[in-house]
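# take a look and give me a structure for this.
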Amino acid sequence: MNTKRIVINLLFIVTFIIIYFLQSNLFTWFKIAGVMPNLFVIFVLFIGLYANKFMGPMYGVCFGLLLDFFIGKKIGITAIMLGLVGLVGMIFDRNFSKENRITLIVMVLMATVIFEVGEYILGYFINNTYIQIWPFIEILLIECFYNVLITIIVYPLIQIFGNKIENEYKGNKILTRYF
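Predicted coordinates:
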């Protein structure tokens, strides 16, 4: 493993820690109807889109396990869903262009829906909770709005760092994978 890849992986871990503190401290002040953005979905999707094909699911599962441990939920629900988001990022990378802001926003929107619906369904089966459709839809819509807003704000950073990561892991073969 070369030095650049080691630095990228260390930056992923440091970014996870920063996002964790942003989620648990800063964004608690900016709730909309009690809902915060889920920066972890955006971050794991980013890794799945720009790094090599198994890093998204791998980091998703590892970060999800850490979150489950820190937050005190049942271990595994967030890990499974963030792993799935990483896998979705990998699939989106193969089938869609990341160069368009609208496409990236739609990817974040879809990943947020997949994460929240999956977590809700797994939570129902594992925790045996009561299903409340309308409150869940309200929370989902607010979180989708928040995640899209955050994506629009950080889009230039996503493009800059994403392209550097993609060049390191995948080489400069962007056009060849479409033909």
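
# centre of the chain to the longest helix seen in the chain, how far?
Counting by DSSP state H, the longest helix found in the chain is helix 133-170. Distance of helix 133-170 from its chain centroid, counting by Cα atoms, centre = their mean, to the nearest Å, is 7 Å.

# do stretch 66-81 as well
15 Å.

# residue 120: neighbouring residues, count only.
The local packing of residue 120 (other Cβ atoms under 10 Å) involves 18 other residues. For every residue, glycine as well, the C-beta is placed using N, CA and C.

# wait, isn't it in contact with residue 133?
No. Between residue 120 and residue 133 there is no contact under Cβ atoms under 8 Å: 9.7 Å.

# how about stretch 125-145: buried residues?
Neighbour-count burial for stretch 125-145 flags 139-140, 142-144 (criterion: 16 or more other Cβ atoms under 10 Å).

# closest to residue 22 among those residues?
Among those, residue 143 lies closest to residue 22 (Cβ to Cβ), at 15.2 Å.

# ok, the closest one - contacts?
35-38, 112, 116 (Cβ atoms under 8 Å, 6 or more residues apart in numbering).
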